[in-house]
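> Structure here, sequence nowhere to be found:
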């Protein structure tokens with residue numbers, strides 16, 4: 001059985017094209033940044049956010065070893081700053097958030113509401129975390145109010161491990 005994280009990556013792979021711009025909103029270990037950078041190709045662009053210098057440094061080392069450094073712009077800021085780095089002239093294909101129990105649910109909700117304006121048609125907002133994370137629960141609750149003609153919502157949840165991935169896809 002596939003992990004929810006892998007199911008989300010399969011969905012991302014289906015829509016991501018060489019040359020796309022994507023956002024890794026929460027670098028964490030850098031594995032998702034590397035995954036995104038490997039998919040956007042030399043003409044693509046990954047904006048990678050973290051307010052933790054160690055995460056930025058670890059990601060940079062990993063990208064260097066993988067030969068993907070030129071595709072990624074590391075930004076030492078919290079995910080709440082993402083809207084300040086976006087332009088309506090360049091729509092985003094994927095926004096990826098790795099969340100945990102410490103993720104500020106209200107800040108995440110506000111950020112998602114702001115970045116929806118920059119999501120291209122068929123683009124994804126992905127939350128990767130655990131079902132019981134307060135931020136996951138809050139965003140899952142607000143998906144019920146999204147217009148059905150504008151968004152498709154998928155939720156992968158493993159009852160045994162509590163891992164979950166929430167995908168919001170713009171129609």
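Nice, thanks for sending it over. Quantities reported herein were computed from a predicted structural model and do not represent experimental measurements.
> Could you list the residues in contact with the one helix or strand in the chain whose mean pLDDT sits lowest?
Of all regular secondary-structure elements in the chain, judged by mean pLDDT, DSSP states H and E, the least confident is helix 53-66 with a mean of 90. Outside helix 53-66, the residues within contact range by C-beta atoms under 8 Å, 6 or more residues apart in numbering are 27-31, 33-34, 37-38, 48, 50, 69, 71-72, 74, 76. Heads up, the C-betas are built off the backbone N, CA and C, glycines and all.
> could you show me where the strands are in the protein, in order?
Under the criterion DSSP state E, the chain contains strands at 21-24, 45-49, 72-75, 92-98, 119-130, 151-157, 163-170.
> Could you pull up the mean pLDDT of the fourth one?
Mean pLDDT, taken over the full extent of strand 92-98, equals 98.
> Also stretch 68-76?
Stretch 68-76 comes out with an average pLDDT of 95.
> Show residues contacting it.
By C-beta under 8 Å, 6+ apart, the list of residues contacting stretch 68-76 reads 27, 33-34, 37-38, 40-42, 44-51, 53, 56, 59-60, 63, 81, 85.
> and that stretch, how far from the chain's centre?
Computed by C-alpha atoms, centre = their mean, to the nearest Å, the chain-centroid distance of stretch 68-76 equals 15 Å.
> go on, stretch 105-124?
On the basis of C-alpha atoms, centre = their mean, stretch 105-124 is displaced by 10 Å from the centre of the chain it belongs to.
> which of the residues in it are buried?
Buried residues in stretch 105-124, counting neighbours by 16 or more other C-beta atoms under 10 Å, are found at 105, 108, 111-112, 115-116, 118-119, 123-124.
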